[in-house]
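Visitor: Requesting a structural model of the entry that follows:
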Amino acid sequence: MEKTLSVNGLASRLLGKLLANTAYFGVSVRKMDCGTTVVDAGAEAKGGFEAGRLITEICMGGCGRATITRSKYGELDLCSIFVHTDHPVIATLGSQYAGWQVKEQGYFAIGSGPARALALKPKEIYDEIGYKDDFDKAILVLEAAKTPSTALVERIAKDCKVAPDKLTVIVAPTTTVAGAIQVSGRIVETGIHKLRRVGLDPNEILQGWGCAPISPVSPKFAEAMARTNDAILYGGTVYYTVKHDDDDELKEIIQKAPSETSKQYGKPFIEIFKETKSDFYKIDPNLFAPATVTLTNILTGRTFKSGSINVGAMAKSFNIEAARTLTS
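Guide: Now for the predicted structure:
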């Protein structure tokens with residue numbers, strides 16, 4: 001495991017581009033009284049594709065690249081995000097994974113990005129992958145519609161062991177283009193998290209790429225959140241090179257990896273969410289996975305694939321209606 005990469009250090013270079021070109025990226029920036037920098041990528045600012053793409057790379061701790069592209073999913077022609085990384089474990093579990101619940105009375109947000117590697121949120125993942133960051137600045141991306149309070153920001157800075165004026169918080173609501181992009185941009189991370197769950201040591205993953213549709217935005221949070229999940233569950237594709245000494249075991253692992261292995265698979269996520277009375281903990285954890293997963297074992301040269309794209313589920317989730325072409 002590489003221990004020389006600093007996800008906050010590498011992401012700070014990308015943050016510099018964002019702060020130096022706010023008009024181009026459609027973001028706004030302000031300083032809180034405590035000195036923390038807040039970047040609004042959609043709460044009140046316009047945000048957009050380029051903001052979402054760059055925030056995705058920041059979330060990956062500067063250890064991956066993101067490209068906005070176009071992909072065909074059956075008859076659906078959708079804007080998509082393609083990400084790749086040569087440092088998949090650090091970029092995803094070490095940085096991008098949305099594993100930090102940031103909350104106080106009246107406020108809740110999901111935190112992701114390189115600041116996690118300073119605060120070690122959650123610690124068991126960092127123990128498992130053998131990584132932690134040591135940098136004097138922290139960057140945290142929040143899925144939220146508003147900025148946290150000064151008291152909460154100061155607590156975040158303390159957890160990261162940095163001064164409040166060394167902390168940057170990027171706010172990217174799920175109901176915006178930038179927010180939807182950075183969630184779909186977690187496609188490689190989602191696959192690694194599921195492979196880890198079903199028995200693969202993540203430290204055996206050497207490279208990874210993934211592609212997922214960018215869901216159409218919705219002004220309703222629950223619907224927007226559900227669509228971003230469906231983009232990965234029903235349209236996400238991942239590929240990894242791994243170094244594993246047992247192909248038979250690898251074949252068994254990959255059969256458990258796609259989202260279709262879940263008993264709740266097939267319905268739009270909004271329906272599943274309602275059935276569980278909006279309780280994420282009642283949702284089958286096997287559902288949170290890409291639609292297709294492919295692994296190549298560099299020790300044997302064999303490649304294994306599992307899963308399939310579900311165009312119908314995506315079309316229903318995204319509320320795509322085919323309009324009849326008018327002719328003279």
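Visitor: can you map out the helices along the chain?
Guide: Assigned by DSSP state H, the chain shows helices spanning 7-20, 22-25, 49-59, 88-91, 116-119, 123-129, 150-160, 177-184, 187-197, 221-235, 247-255, 269-275, 311-317.
Visitor: With respect to I139, which of the ones you listed lies nearest?
Guide: Smallest distance to I139 across the helices of the chain (Cβ to Cβ): 5.1 Å, for helix 7-20. Every residue, glycine included, has its C-beta placed from N, CA and C.
Visitor: I'd like to know which elements the closest one is packed against.
Guide: strand 37-40, helix 49-59, helix 116-119, strand 138-143 (3 or more Cβ pairs under 8 Å, 6 or more residues apart in numbering; DSSP states H and E).
Visitor: can you rerun that using 10 Å?
Guide: With contacts taken as 3 or more Cβ pairs under 10 Å, 6 or more residues apart in numbering; DSSP states H and E, helix 7-20 sits against helix 22-25, strand 37-40, helix 49-59, helix 88-91, helix 116-119, strand 138-143, strand 167-171.
Visitor: returning to that earlier point: need the helices of the chain in CSV with distance to M32, can you?
Guide: Output for the helices of the chain, formatted as CSV (distance: least, Cβ to Cβ, whole Å):
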stretch, distance to M32
helix 7-20, 15
helix 22-25, 17
helix 49-59, 19
helix 88-91, 28
helix 116-119, 18
helix 123-129, 27
helix 150-160, 6
helix 177-184, 21
helix 187-197, 29
helix 221-235, 24
helix 247-255, 45
helix 269-275, 33
helix 311-317, 37
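Visitor: Quick one: residues contacting the closest residue to R197 other than its chain neighbours.
Guide: Distances taken as Cβ to Cβ, 6 or more residues apart in numbering place P285 nearest to R197, at 6.8 Å, with adjacent residues excluded. By Cβ atoms under 10 Å, 6 or more residues apart in numbering, P285 lies in contact with H193, K194, R197, S262.
Visitor: count of neighbours near the last one?
Guide: So the one you mean is S262. By other Cβ atoms under 10 Å, the residues close to S262 number 17.
Visitor: does it really touch L233, like I thought?
Guide: Yes - the pair S262 / L233 is scored as a contact, 8.5 Å apart, by Cβ atoms under 10 Å.
Visitor: is it true that G35 touches D165?
Guide: Yes - look at G35 against D165 with Cβ under 10 Å: they come within range, at 2.9 Å.
Visitor: joint contacts of these two?
Guide: Residues touching both G35 and D165 by Cβ under 10 Å, 6+ apart: A157.
Visitor: quick one: V29 and L19, what's the gap?
Guide: Noted for V29: a distance of 6 Å to L19, by Cβ to Cβ, to the nearest Å.
Visitor: what's the overlap in contacts for the two?
Guide: In contact with both V29 and L19: T37, V39, T168, using Cβ under 10 Å, 6+ apart.
Visitor: Hmm, the first one is touching V171, no?
Guide: Translated: T37. No - at 11.2 Å, T37 does not count as touching V171 under the criterion of Cβ under 10 Å.
Visitor: And the two? Which one has more around it.
Guide: The neighbour comparison of T37 against V171 (other Cβ under 10 Å) goes to V171, with 28 against 19.
Visitor: Low-confidence ranges, the stretch 1-150 of the chain, go.
Guide: For the stretch 1-150 of the chain, the stretches with pLDDT under 70 are 1-3.
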